[in-house]
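Novice: using only what follows, build the 3D model:
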Amino acid sequence: MSHQLGSAIVEHTSLSIVPINVEQDVVQARRHAREIAEIFGLAPQDQSRIATAVSEIARNAFEYAGGGTVEFLLDSAESPRMLLVRVSDSGPGIKDPDAVLSGKYQSATGLGLGIVGARRLTDHFELASSPTEGTRVVFGKRLPRRTIPPTPLPISDITSRLGSSRKPDLVHEVREQNQELLRILEEGQQRQVEIERLNRELEETNRGVVALYMELDERAQDLGRSADLKSRVLSDISHEVRTPLNAIINVSRLLLDRLDGDLTSEQERQVRMIRDSAKTVTDLVNDLLELARMEAGKTVARVATFSTADVFAALRGMFRPLVPTEAVCLVFEDSAALPLLETDEGKLGQILRNLISNALKFTERGEVRVSAELRVGDAIAFSVADTGIGIADEDKDRIFQEFLQVENPLQRRAHGTGLGLPLSRKLVAFLGGELMVQSRLGQGSTFTAIIPRQYVERRGSDRDNARDEISRAAAQAQEHAHE
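Specialist: Take a look at the predicted model:
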């Protein structure tokens, strides 16, 4: 079996050749490797690495092939240049070089360990082996960029320095290897100290993160308790207030129906004022109750099948008498061609009532137009467009804050609670849709509620995915509006 080198060395300068015939030659090859590495400016730890790799591969050649050669080369093709070592033998070859290189095969005497270890110690490693040609291993270390490119004179100097080296002293060599091991152990201890320091810092950081999470959990629990308390207070107060309000409205109706006798025109005006004020407060109470239910997670969807035309017909009958002046026209576009909806009709009606009521309040002349159209994603976009006072860009987010009303002369004349739009946005989100606004100051506003045709109770990622789909439809609507 033959394992070929991945690439050939085509441009190189031979520095030294050490024949491996006896075990002492392995020590000599190791010494040559260290001296050459030092001459070319390799760091002490890299000198130890290349020397150890030479020792391991040369010892394999001596033990398994009976000998060989170790040749030191300077590769001129690489940038930066590389100090290479080629160990060749004429032995029987390695049966399964791939298994040896992958670390899956090891002989009883450590052949695999030597080759794998040498490979890890060097920057370049190639192996070729066959039963007829023996084994050749080429490996090397990259030289520092500051190394001066060799000329014939430095190369001859290197050769002469290596030739004048003393014969290897095994005792001295063992002493040097021990010193190398001591340096390696010291480096390992220093790294261990650094790792322990980093671990301590990491543990401290983890403790800080855990403490922060605990604090956040406590605050979340406090906020949850506060929200629950607020919802209970709103619910209790609202129920308590509704009873006297209903009494005021009923008594006002009795008086206006003349069941207790006739009224003067001034008395009738005053009673109507009482009734209208009571209805305004009742609307506020109902909105507060709905907000409390939604924040407490107690809102329930009552799904039914109905048409958009039916919803528009009911709204038309409700608002036609409430149009404040003949200068404003309330228009409902034809929606008979739209498919049926399967969602909460009451909540959809509440959303549109709030939007239409706002539009009528802030439109002195022109029209309020209510329309619906089928959108991508099997949703219907309900739009309420007016020619009223409009909304400034900086106020488009503020109008959805609870109990907040934008300062405007017409706003001061149009009484409101500041809950209609925030509640509408929450109701739209509850139905799985999105409420958006387009407006220019002084040029009117268009509120669009994009509602899925079929209500699906969603949790977690399903709700997020559905809302993303609606958001994409809303973005498309805005792009079309600006075209």
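Novice: pLDDT on stretch 114-121, on average?
Specialist: Across stretch 114-121, the average pLDDT comes to 85.
Novice: buried set for it?
Specialist: Gly114, Ile115, Val116, Ala118, Arg119, Leu121 (16 or more other Cβ atoms under 10 Å). No exception for glycine: its C-beta is placed from N, CA and C like everyone else's.
Novice: which of the residues you listed lies closest to Leu330?
Specialist: Arg119 (84.8 Å; Cβ to Cβ).
Novice: kindly confirm my reading that the closest one is in a strand.
Specialist: No: under DSSP: H, G, I helix; E, B strand; the rest coil, Arg119 sits outside any strand and is assigned helix.
Novice: so which strand or helix has the nearest residue in space to it that is not next to it in sequence?
Specialist: Excluding the flanking residues, the one nearest Arg119 by Cβ to Cβ, 6 or more residues apart in numbering is Phe125, at 4.4 Å. Using DSSP states H and E, Phe125 falls within strand 124-130.
Novice: that strand: what's the following helix or strand?
Specialist: Downstream of strand 124-130, the first helix or strand assigned by DSSP H and E is strand 134-142.
Novice: tell me the strands beside that following strand, with direction?
Specialist: As defined by DSSP bridges, the strand partners of strand 134-142 come to strand 82-89 (antiparallel), strand 124-130 (antiparallel).
Novice: quick one: distance of that strand to the chain centre.
Specialist: Relative to the chain's own centre, strand 134-142 is displaced by 46 Å; criterion: Cα atoms, centre = their mean, to the nearest Å.
Novice: and the strands paired with strand 134-142, which is most packed in?
Specialist: Mean neighbour count (mean count of other Cβ atoms under 10 Å) peaks for strand 82-89 among those, with a mean of 24.
Novice: list the helices and strands the very next helix or strand once past that one packs on?
Specialist: Remark: after strand 82-89, the chain's next helix or strand is helix 97-102, criterion DSSP H and E. On a contact count with 3 or more Cβ pairs under 8 Å, 6 or more residues apart in numbering; DSSP states H and E, helix 97-102 meets helix 111-121, strand 124-130.
Novice: so for helix 97-102, what's the average pLDDT?
Specialist: Mean pLDDT, computed over helix 97-102, is 81.
Novice: circling back: using a markdown table, lay out the strands paired with strand 134-142 together with distance to Ala381 and mean pLDDT.
Specialist: Below are the strands paired with strand 134-142 laid out as a markdown table (distance: least, Cβ to Cβ, whole Å; pLDDT from 0 to 100):
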| stretch | distance to Ala381 | mean pLDDT |
| --- | --- | --- |
| strand 82-89 | 69 | 93 |
| strand 124-130 | 66 | 91 |
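Novice: pLDDT weak spots in this protein?
Specialist: Applying pLDDT under 70 to the chain flags residues 1-11, 76-79, 104-112, 146-186, 227, 230-239, 296, 402-418, 458-483.
Novice: who's in contact with Gly444?
Specialist: Applying Cβ atoms under 8 Å, 6 or more residues apart in numbering, we find Gly444 in contact with Thr363, Gly366, Ala385, Asp386, Thr387, Gly388, Ile389, Gly390.
Novice: how about the nearest residue to the fourth one, chain neighbours excluded?
Specialist: Just to be clear, that refers to Asp386. Residue nearest to Asp386 in three dimensions, not counting chain neighbours: Ala359, with 3.9 Å by Cβ to Cβ, 6+ apart.
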